[in-house]
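In: Sequence and computational prediction follow.
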Amino acid sequence: MQQTLVICSGGLDSVTLAYLVAHERKLCGIVSFDYGQRHQKEVEYAKRCAQQLAVPYQLIDITSIGKVLTGSSLTDDIAVPEGHYAEDSMKSTVVPNRNTIMLSIAFGMAVSTGADAVAAAVHSGDHFIYPDCRPEFIDSFAAMQQLALQDLADIELFTPFVHRSKADIVRSGDQLKVPFADTWSCYKGRDLHCGRCGTCVERREAFALAGVEDPTEYADMDFWKSVT
């Protein structure tokens, strides 16, 4: 079975990915990144995921890098937009090269630890907003790593959700018995999911489309209906 390192933010998608890898492969570890995100509390949920699956967990501090990746509402003093991900306003949540940086570090870790693959939870709902979640990027990054690690290691980039929707991920997570209440999506990082930011709206909509009960407590339970 392929030893697979999972990049996990603590969100619904990446926690479900960790459970999928644990079910289908050999989950050898979970890694998260602190890049100065305002919703830093998400990494606590990634740590919980590692504890639940009884695998090593590592939090990588890249806050010094995050400080120079300016212009995003996730890292700067810019209001987090509310509404659906299909709206242009959501582009303010892009952190330039975030996935590129995280994947590069994770691939280096995989070589060092003897892992066979790195897994990331990019999905089709991210394609409109985030360039480094699109299939073209994933294919290009994997090809680049083959060159970067030539004669050193052969590491697979495992992205099983890249052509699947968030509703599909919820259905998979439901089958895998993922503890959805122990995942964090909200970009505002308050006590409760706000229910109004793009990732809350997407999360709420995904459960509805999947026909799976959403255990999440939102500050605004009904806003998503008006924007979907």
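Out: Structure received. Residues are numbered from 1 along each chain as shown.

In: Can you mark which positions in the worst-scoring helix or strand of the chain on mean pLDDT are buried?
Out: Taking mean pLDDT, DSSP states H and E as the measure, the chain has helix 63-66 as its least confident helix or strand, at a mean of 92. Buried residues in helix 63-66, counted by 16 or more other C-beta atoms under 10 Å: residue 66. All C-beta spots, glycine's among them, are computed from the backbone N, C-alpha and C.

In: which other helices and strands contact the next helix or strand after that helix?
Out: Moving toward the C-terminus from helix 63-66, the next helix or strand (DSSP states H and E) is helix 98-113. Applying 3 or more C-beta pairs under 8 Å, 6 or more residues apart in numbering; DSSP states H and E, we find helix 98-113 packed against strand 3-7, strand 26-34, strand 117-119, helix 135-148.

In: picking up where we left off before, for the least confident helix or strand of the chain, give me every contacting residue.
Out: Residues outside helix 63-66 that contact it (C-beta atoms under 8 Å, 6 or more residues apart in numbering): 34, 35, 36, 37, 75, 95, 101.

In: Between the residues you listed, which sits nearest residue 185?
Out: Among those, residue 37 lies closest to residue 185 (C-beta to C-beta), at 12.4 Å.

In: List the contacts of that closest one.
Out: Residue 37 touches 66, 74, 75, 95, 189, counting by C-beta under 8 Å, 6+ apart.

In: Just the buried ones from the contacts of helix 63-66?
Out: 35, 36, 37, 75, 95, 101.

In: pLDDT for those - can I get that in JSON lines?
Out: As requested, those are arranged in JSON lines below (pLDDT from 0 to 100):
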{"residue": "35", "pLDDT": "92"}
{"residue": "36", "pLDDT": "91"}
{"residue": "37", "pLDDT": "93"}
{"residue": "75", "pLDDT": "87"}
{"residue": "95", "pLDDT": "89"}
{"residue": "101", "pLDDT": "96"}
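
In: remind me which residues of the chain are low pLDDT?
Out: The chain contains no residues with pLDDT under 70.

In: For the closest residue to residue 34 other than its chain neighbours, give its distance to residue 105.
Out: Among residues not flanking residue 34 along the chain, residue 61 sits closest, at 5.1 Å (C-beta to C-beta, 6 or more residues apart in numbering). Using C-beta to C-beta, to the nearest Å, residue 61 is found at 11 Å from residue 105.

In: More neighbours: these two, which one.
Out: residue 105 (17 against 11; other C-beta atoms under 10 Å).

In: close enough to count as contact, the more buried one and residue 60?
Out: Yes - between residue 105 and residue 60 there is a contact under C-beta atoms under 8 Å: 6.2 Å.

In: Mind listing the shared neighbours of the two?
Out: 31, 33.

In: Residue 79 - how many residues pack around it?
Out: Residues lying near residue 79 (other C-beta under 10 Å) number 10.

In: wait, residue 163
Out: Residue 163: 12 neighbours (other C-beta under 10 Å).

In: follow-up on the earlier one: including distance to residue 197, could the contacts of helix 63-66 go into a markdown table?
Out: Formatted as a markdown table, the contacts of helix 63-66 follow (distance: C-beta to C-beta, whole Å):
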| residue | distance to residue 197 |
| --- | --- |
| 34 | 20 |
| 35 | 18 |
| 36 | 18 |
| 37 | 13 |
| 75 | 15 |
| 95 | 15 |
| 101 | 23 |
